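Participant: need a structure here:
(chains A and B)
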2 protein chains.
Amino acid sequence: MLTATKKKVHNYSAGPCILPQEVFEQAAQAVLDFEGSGLSILEISHRSKPFEAVMAKAQGLVKELLGAPDHYQVVFLGGGASLGFHMVPLNYMKVGGKSAYANTGEWATRAIKESKLIGDTVVVASSEDRNFNYIPKGFEIPADADYFHFTSNNTIFGTQFKQFPNTGSGAGAVPLICDMSSDIFSRPVNVADFALIYGGAQKNMGPAGATVYLFDPERLGHTGRKLSPMLDLKNHGAKESMYNTPPVYAVYVSMLTLEWIKKMGGVAAMETRNAAKAKLLYDAIDRLSPVFKGTTAVEDRSVMNATFVLGDAAQEPAFDALWKEANISGIRGHRSVGGYRASMYNALPIESVQVLVDVMEHFAKKNG
Amino acid sequence: MLTATKKKVHNYSAGPCILPQEVFEQAAQAVLDFEGSGLSILEISHRSKPFEAVMAKAQGLVKELLGAPDHYQVVFLGGGASLGFHMVPLNYMKVGGKSAYANTGEWATRAIKESKLIGDTVVVASSEDRNFNYIPKGFEIPADADYFHFTSNNTIFGTQFKQFPNTGSGAGAVPLICDMSSDIFSRPVNVADFALIYGGAQKNMGPAGATVYLFDPERLGHTGRKLSPMLDLKNHGAKESMYNTPPVYAVYVSMLTLEWIKKMGGVAAMETRNAAKAKLLYDAIDRLSPVFKGTTAVEDRSVMNATFVLGDAAQEPAFDALWKEANISGIRGHRSVGGYRASMYNALPIESVQVLVDVMEHFAKKNG
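Facilitator: Below you'll find the predicted structure:
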């Protein structure tokens, strides 16, 4: 018999990360018996009617929640956003053409590296000069670029684009492509502005193992490049995400999570909820200065991942003991920034943020 | 509360397919609470110690169960074996070199198509002339090929290599590469004969969403081709399958299934078990001729997937009603063969095969 009682952990993991508790319960049930079929979700054919319905529902929810234009397509592929970094230039950079990128951190850097392997790649903006602690602004995107690529939220460095770059509109505009792995479904976006939005599922959408691609199929197939069908977004779209066996369970759990987002009021409600959590934590960081210090430009602070350090790094062991005692998990910062990172994805309840703030207050009072 | 009681279904799905019942129970428990951590397996970091232990155990079990040489490496990637079809020529065909393939069905055809996109590709053997209903034998492999690729078991057509092609041994031998998606862990193999064995998890190893690659790292990095790090097996091996976020849950369920195989006596025990199931079914097909007829050359019959048709196709609705009544699921043949396909992967109990044979006997008595 399964045991469902577990100790309460405040999960700040940067990804894979917390999902809604009710999703875990539905997801566990489906592993035992999927919709009363007598079969586990893990043992059914991806070509079975019940799974085709899961796939169609997940695809529909992505479009509905983000308000995507009707003709946009959704596919769920394996391989992670890192495979997407490779697929973007293959699918969008013309043979002999060029791409434009903003470099705002580790994942943008990896995406740029992949584009350089395919062709001429211009980095039009970068915040590398200050260890990626801000978002570049006011940069120019060359009008002859085949596309402009950026990373909307930088998980490691704790920065986020608050306004998206404007590449114009209409037939002559540079197509906009965004890796939204770590903030997709956290706020409304105008999908029609983007040729492609993609992201690994393992933050706001589901578990590791699926990557969502939401794209305008009319923007594909114009590079003059012969592609492997496995790396060809147009092919995956035409085959309705079933060109090969999709990551069945990751798609199913994503569907459950998307249903939860809808039930909670959609991405606008998520934005309100996330803003309240972020305000609670960032206000504490500022109020408790200099015991705690934020690491990024204030106007570029990520609503998803708050990075901060102690004014006195020697006090880290004492602070670590306190938050561990409060059953907080996963707030150690990435090695390239140090300090702490509190990831507050959609499913993290504000109660967990309050627990962290209480720990910080207590620590500041003792050590300030 | 989760309900664990379910109706008994005899699951003959060709993949994703049946896994051991105890694996479903452990896998469901981990979705609720992973090893008493208070966290779901779906929300933990792939960089956490508990998941690093899962990955290491899964990698170790692949090597242990197949008796792989110590220096071989194991990685679990997303994207399916279909992405492997693309990665094989990228990683093993020299720039200006050539590859050799056997074409024994749909998946081999797809692998060949991917190789042709990369370079000179010679199909040295094919059974396409008789709709892939046999395994070619006695063919020559060019000594100057960079590798020879074959598909050990053909899920759709129900044929299987009983003896593996011999490309010689020592430094001058043509490296052997095999897509074992649908019969890996069903029988012993001599791993040292292969430069690479790979396969989608979703038959004998686990759920859809992970693909295992077992390879000799010394055979990699010799093509003169600059690769995307995401498509570079050497990179994934060096990063211990953590270059990017791995498909966490699919790796975990694979680990559970591999533990089950070990507990049951390993791949030699699986071979005995699978041979008994195949004998039971194929004996019935032959005994009940001409009501039932096998579709493949007898000596090449797959132990995993038995394909057969009715002597009188007009009787299909009557036969379909019978097996459905017996709670048999998934034996409809692939559209390119028609008729029926009974997939008898490792986890299918012989009791399920007896139920099918009983249905066939009953049908033959009434309709013979």
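Participant: Going by C-alpha atoms from here, please, whenever you check contacts or count neighbours.
Facilitator: Noted.
Participant: List the residues that contact whatever residue of the stretch 251-368 of chain A ends up closest to chain B.
Facilitator: As assessed by Cα to the nearest Cα, chain B sits closest to A:G330 within the stretch 251-368 of chain A, at 8.3 Å. Applying Cα atoms under 8 Å, 6 or more residues apart in numbering or on different chains, one finds that A:G330 lies in contact with A:11-14, A:342.
Participant: Tell me where chain A has strands.
Facilitator: A:10-11, A:73-77, A:98-103, A:120-126, A:148-151, A:153-154, A:159-160, A:176-179, A:196-200, A:211-215, A:292-294, A:305-310, A:328-329, A:340-343 (DSSP state E).
Participant: any low-confidence regions in chain A?
Facilitator: A:1-6 (pLDDT under 70).
Participant: domain parsing for it?
Facilitator: Domains of chain A are assigned by automatic domain parsing as A:24-263, A:266-367.
Participant: returning to what we had before: I'd like the strands of chain A as TSV, with distance to B:N244 and mean neighbour count appended.
Facilitator: TSV is the format used below for those (distance: least, Cα to Cα, whole Å; neighbours: other Cα atoms under 10 Å in any protein chain shown):
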stretch	distance to B:N244	mean neighbour count
strand A:10-11	21	26
strand A:73-77	15	28
strand A:98-103	19	25
strand A:120-126	23	18
strand A:148-151	16	26
strand A:153-154	16	29
strand A:159-160	21	28
strand A:176-179	15	22
strand A:196-200	11	26
strand A:211-215	12	26
strand A:292-294	28	22
strand A:305-310	19	25
strand A:328-329	22	20
strand A:340-343	19	26
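Participant: So which bits of the stretch 101-250 of chain A are right by chain B?
Facilitator: Residues of the stretch 101-250 of chain A lying near chain B by Cα under 8 Å from any Cα of the partner chain: A:114, A:117, A:207-210, A:226-228, A:230, A:244-250.
Participant: ok, now with 6 Å
Facilitator: Counting by Cα under 6 Å from any Cα of the partner chain, the residues of the stretch 101-250 of chain A close to chain B are A:207-209, A:247-248.
Participant: Just those: which are in helices?
Facilitator: If you go by DSSP state H, these have A:V248 in helices.
Participant: which of the residues of the stretch 101-250 of chain A next to chain B count as buried?
Facilitator: Among those, those buried by neighbour count (16 or more other Cα atoms under 10 Å in any protein chain shown) are A:207-209, A:247-248.
Participant: can you list contacts of stretch A:162-178?
Facilitator: A:147-151, A:194-197 (Cα atoms under 6 Å, 6 or more residues apart in numbering or on different chains).
Participant: Then stretch A:278-289?
Facilitator: In contact with stretch A:278-289 (Cα under 6 Å, 6+ apart) are residues A:292, A:303.
Participant: With the flanking residues excluded, which residue is spatially nearest to A:M205?
Facilitator: Once flanking residues are discounted, A:M205 sits nearest to A:S254: 5.3 Å by Cα to Cα, 6 or more residues apart in numbering or on different chains.
Participant: Can you list the residue ranges for helices in the stretch 151-300 of chain A?
Facilitator: Assigned by DSSP state H, counting those that start in this stretch, the stretch 151-300 of chain A shows helices spanning A:233-238, A:248-263, A:266-287.
Participant: Export those helices to a markdown table and append columns for distance to B:A53.
Facilitator: Below are those laid out as a markdown table (distance: least, Cα to Cα, whole Å):
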| stretch | distance to B:A53 |
| --- | --- |
| helix A:233-238 | 34 |
| helix A:248-263 | 21 |
| helix A:266-287 | 33 |
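Participant: Tell me which of those sits most buried.
Facilitator: helix A:248-263 (a mean of 24; mean count of other Cα atoms under 10 Å in any protein chain shown).
Participant: circling back to that earlier point, test my guess that the residue nearest to A:M205 contacts A:N204.
Facilitator: No: A:S254 sits out of contact with A:N204 when judged by Cα atoms under 6 Å, with a separation of 8.9 Å.
Participant: burial of A:D300, as a residue count?
Facilitator: Neighbourhood size, A:D300 [other Cα atoms under 10 Å in any protein chain shown]: 18.
Participant: Could you pull up the residues touching it?
Facilitator: A:134, A:159-160.
Participant: what separates the closest residue to A:Y252 other than its chain neighbours from chain B, distance-wise?
Facilitator: Using Cα to Cα, 6+ apart and skipping residues adjacent in sequence, the residue nearest A:Y252 is A:V54, 6.3 Å away. As for A:V54, its distance to chain B is 15 Å (criterion: Cα to the nearest Cα, to the nearest Å).
Participant: neighbours around A:V9, how many?
Facilitator: 15.
Participant: how about it, phi and psi?
Facilitator: Dihedral angles of A:V9 (phi, psi; degrees, to the nearest 10) stand at phi -120, psi 140.
Participant: Go ahead and confirm it touches A:K324.
Facilitator: No: counting by Cα under 6 Å, A:V9 sits too far from A:K324 to count as a contact (9.8 Å).
Participant: still on that earlier bit, may I see the strands of chain A organised as CSV, with distance to A:L258 added?
Facilitator: Putting the strands of chain A into CSV (distance: least, Cα to Cα, whole Å) gives the following:
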stretch, distance to A:L258
strand A:10-11, 20
strand A:73-77, 14
strand A:98-103, 29
strand A:120-126, 33
strand A:148-151, 22
strand A:153-154, 20
strand A:159-160, 22
strand A:176-179, 19
strand A:196-200, 14
strand A:211-215, 12
strand A:292-294, 32
strand A:305-310, 21
strand A:328-329, 25
strand A:340-343, 19
